[in-house]
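# Requesting a structural model of the entry that follows:
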Amino acid sequence: MKLAKFPMLLILTITSFTGFQIALGDTVGSDFGIIEDLLPSGDRIFFFETDHSIKSPYWIHDTRIMVSDFDGTRKVSDELFIFPTNLKQNSDYLFFTVLSDTCVNSTICDYQDIIKMSKSDGSYQKIIKDLKSAAHISIGDSLFVSESNGKIWKISLDGKSRHLLTESQNIIMDIVSNGDEVYWIEEIEDMNNKIMRIKDGNIETLATDLKIPYDLGVYDNILHWNEIQVKPERGAFAEFTVIKRYQENSVVIIDEYENTSPVSVPHIPHYGPYLQYGSYIFVVNNTKSSPEIHLIETNSKTKFDIVSVDYNIRYLRADDNNLYVIGQNNNGFMIEKFPLPVAIPEFSSMLVFTTSVIGLSLLILLKQSFHY
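Okay, here's the model as predicted:
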C-alpha cells in the first residue's frame, strides 16, 4: 500500500492525564564516543564527543566539537580540545571553556581558557586565558564568567574588555544571567551554600543554608535549581534531589525525589537526570527495567508519562520544539530527539504532542503554555 503524502491529523481530548506516551523518537546518531554536553541550535545540534581510543594518564587533547543536522553528523573543527565544558552560544558563535595548554602532561590542572568558535566554519580563537578553575559561563549581550576563587566578570564577546562585577572569599559553584542580572552559588563550607544575585549594582542574598545546590537556570524571570540533601529515612539516611525555585522573594520547593538505587540497577538513582523547562520538569524514572521520562507541571504537580527507552539516560536537553535524550548502551553514546509539547491557548483538558510514525502525524493539545 502506498502511503499518502499528506499526514493524517488526529486530535484526542484527554480527560485522564496519566499513561500517555509518544510512540517513537528520532535517532539523531548512535555509537558515539562519550558525549560530554549537547546544545540545540535551530535545525542543528552541537556537542562535545570524546575519542575514547586516545589513552593517556594525563589531561590530553581528545575531544572534538561536533554538529548534526539534515546533512548528517560531522566535525565542526578538526581541532581536539582538553576537557571542554560550559557549551554556550549566540546566533553566530559557540563559547566554551577548555583546560589550558599548561595542563598537558599534568594530572592536575588549575586553569581554563574560553574559546569562541564560528558555527559556520569552525574557526576559533582563545578570547580569555588562565581563568581559575572551575569557571562557569553565562551569555547574553556580554559574557558573565565566574572563577572558583570568587571573582565574577562581565566580559565583552570578543574578550577585549572585562569588568569585575564582584569578588568573594567563597568558591563560586555555578552562574546564570538574566539580562544584566547575575545569579550564582557560593560555597561557604561543605553542605553550606547560598545563592546570590547582583541587580542594578546591588548584591543580594536570595537563599541560604543550602546543602548541595547545582544547575541554576532562569525561565520567565523565575530562578530555579536542583539541590542534593541527605535526610533521615526509614531508620537510616537517604539522599534526595530537591527541585526549588525563587519567586516573589521566597524559596519554594517544587518537588523532591529519593536518589536510592533499586537492587536490579545498582548505582543508578531512582529518579534523575532532571531538566527544568519553563514551568515544567522532565524527570527520568529508573525504577523500571526501561527508563521512563515523565513530564511534571510544577504548579499543579500533574505528571505525564512521556516515553520509555531501552538505554541508560545520561542527561536531557531541550529547545523550543524538541527534547533531546543523550543515552548510553553497550555500543556507546546515542542521541534521540522527541517532539516537545506545545501550547494551544483556550483549549482546556487537552495535551499537545507531535510525532510521526510511518507517515502518520499525531497531534494532542496541551492547555498550559510553556515559558521560554
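# mind checking the SS state of the residue nearest the centre of the chain?
Residue closest to the average C-alpha location in the chain (C-alpha atoms, centre = their mean): residue 317, at 5.1 Å. Following DSSP: H, G, I helix; E, B strand; the rest coil, we place residue 317 in the strand state.
# Wait, it touches residue 275, no?
Yes: between residue 317 and residue 275 a contact is recorded at 7.2 Å, counting by C-beta atoms under 8 Å. From N, CA and C alone the C-beta is placed, and that goes for glycine too.
# anything in contact with each of those two?
Contact criterion C-beta atoms under 8 Å, 6 or more residues apart in numbering; residues shared by residue 317 and residue 275: residue 323.
# Contact partners for the residue lying closest to residue 168 once chain neighbours are set aside?
In space, and not counting its chain neighbours, residue 168 is closest to residue 150: 3.8 Å by C-beta to C-beta, 6 or more residues apart in numbering. By C-beta under 8 Å, 6+ apart, the contact list for residue 150 reads 167, 168, 169, 170, 171, 172, 186.
# in the stretch 201-350 of the chain, which spans are helices?
Shown for the stretch 201-350 of the chain, no helices are assigned by DSSP state H, counting those that start in this stretch.
# Just the strands from it, written as ranges.
202-210, 212-219, 222-233, 236-247, 250-258, 271-277, 280-285, 292-297, 303-308, 312-318, 322-329, 332-339 (DSSP state E, counting those that start in this stretch).
# Which among these is found nearest to residue 97?
With C-beta to C-beta, the closest approach to residue 97 among the strands of the stretch 201-350 of the chain belongs to strand 212-219: 16.4 Å.
# From residue 311, how far off is the nearest residue to residue 337 once chain neighbours are set aside?
Nearest residue to residue 337, sequence neighbours excluded (C-beta to C-beta, 6+ apart): residue 26, at 4.5 Å. Using C-beta to C-beta, to the nearest Å, residue 26 is found at 15 Å from residue 311.
# which of these two has more neighbours?
residue 311 (18 against 13; other C-beta atoms under 10 Å).
# Now do the same contact list for that one.
With C-beta under 8 Å, 6+ apart, residue 311 has these contacts: 291, 327, 328, 329, 334.
# Can you tell me which of the residues you listed are buried?
Taking 16 or more other C-beta atoms under 10 Å as the criterion, what is buried in the contacts of residue 311 is 291, 327, 334.
# For the last one, which residues are in contact?
With contacts taken as C-beta under 8 Å, 6+ apart, residue 334 has the following neighbours: 27, 28, 29, 30, 31, 32, 311, 326, 327, 328.
# Backbone dihedrals for the residue nearest to residue 168, please?
Phi and psi for residue 150, reported as degrees, to the nearest 10, are phi 100, psi 0.
# again, but for residue 84
phi -70, psi 140.
# that older thread, got the contact list for the residue nearest to residue 337?
So, once contact is read as C-beta under 8 Å, 6+ apart, residue 26 ends up touching 336, 337, 338.
# quick one: it from residue 308, how far?
16 Å.
# Just the buried positions in stretch 45-58, please.
Quick answer for stretch 45-58 (16+ other C-beta under 10 Å): 45, 46, 47, 48, 49, 50.
# Tell me if the fifth one really is in a strand.
Yes: according to three-state DSSP, residue 49 belongs to a strand.
# List the residues that contact it.
32, 33, 34, 35, 36, 63, 64, 66, 333 are the contacts of residue 49 under C-beta under 8 Å, 6+ apart.
# If we ignore the residues flanking it in sequence, what's nearest the first one?
Spatially, and ignoring its direct neighbours in sequence, residue 32 is nearest to residue 333 (4.2 Å; C-beta to C-beta, 6+ apart).
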